[in-house]
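Trainee: sharing a model prediction with you, sequence too.
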Amino acid sequence: MQLMQFKPHFNVEIIDCEQVVLFSEDKHHLLQGSTYVAIAELIRSSPMSEEAIIEKLLRKFPLECIQETLLRLKKKGFFSKLCNKTAKNVLAFWSDVELDEGIGVKPSIVIKNFSQHGSSDLTTALCNLSLKVGESGNFFIAIADNYISHELEEFNCARLLDNKPWMLLKPSGRIIWIGPIFNNFSEVVKILLIKDLLRKCPY
């Protein structure tokens, strides 16, 4: 049985008997109507099945009104599937970027470390976001102390052959670089990037 709940990145605030607001980090949604408020009161603390919601609200509202309100909430994308195996803060992150419904099929990531520093912290952080990290996958992260290296050139050639995107990561030094992400990284683009990096980086 599917349980109904608001997406975990929402903070649900009931203003009065006719208004409820769903707050996220950068936006809010005002829902006006006593049926919205009644549903919010039922499920904001714990999820509930659609059948149970209807059963409880039938004492106050017509069946058609309840069903229409639930349908509108679904169509607007305010409901999310319940996932007990994933931490709430992780669910909230994926929900906010609108990827929560596919949380079980996130891309697998391969980390290639060309740096003198370890990659265990990055691996842990990615795993904490419910991302799979392994020896094979469909997205690569290349860690380097200096973006101009022969290892990266060989690595890029391999990605051109398997046609898989990858991201550069420089986690050390005064300036931390995250990205860019390359897909079909052509030699022309690489030459332009190298020239720009050499101009900016004295080492």
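Mentor: Thanks, I have the structure now.
Trainee: use CA for all of it now, contacts and neighbours both
Mentor: OK.
Trainee: show me how far stretch 58-68 is from its chain's centre.
Mentor: Centre-to-centre, stretch 58-68 and its host chain are 34 Å apart (Cα atoms, centre = their mean, to the nearest Å).
Trainee: let me see the mean pLDDT of stretch 181-194.
Mentor: The average pLDDT within stretch 181-194 is 59.
Trainee: cool, and stretch 56-75?
Mentor: 92.
Trainee: low pLDDT regions in this structure?
Mentor: Filtered on pLDDT under 70, the chain yields the residue ranges 1, 81-107, 130, 147, 184-203.
Trainee: redo that, cut-off 80
Mentor: 1-2, 8-9, 25-26, 80-107, 127-132, 146-150, 153, 172-175, 179-203 (pLDDT under 80).
Trainee: where does the record place the domain boundaries for it?
Mentor: With domains defined by automatic domain parsing, the chain comprises 3-92, 106-200.
Trainee: reformat these as CSV; add mean neighbour count.
Mentor: Shown next, in CSV, are the domains of the chain (neighbours: other Cα atoms under 10 Å):
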stretch, mean neighbour count
domain 3-92, 16
domain 106-200, 15
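Trainee: alpha carbons only: can I get stretch 120-139 in CSV?
Mentor: What follows is stretch 120-139, C-alpha atoms only, in CSV (Å, rounded to 0.1, in the frame of the first residue of the first chain):
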residue,chain,number,x,y,z
SER,A,120,37.9,8.1,0.9
ASP,A,121,36.1,11.3,2.0
LEU,A,122,34.6,11.8,-1.4
THR,A,123,33.5,8.2,-1.6
THR,A,124,31.8,8.5,1.8
ALA,A,125,30.1,11.7,0.9
LEU,A,126,28.7,10.2,-2.3
CYS,A,127,27.5,7.1,-0.6
ASN,A,128,25.8,9.2,2.1
LEU,A,129,23.8,10.7,-0.8
SER,A,130,22.6,7.2,-1.8
LEU,A,131,25.0,7.2,-4.8
LYS,A,132,26.7,4.0,-5.8
VAL,A,133,30.5,4.2,-6.1
GLY,A,134,32.4,1.3,-7.6
GLU,A,135,34.9,0.0,-10.1
SER,A,136,32.5,0.3,-13.0
GLY,A,137,29.8,2.9,-13.8
ASN,A,138,28.3,5.4,-16.1
PHE,A,139,29.9,8.6,-14.7
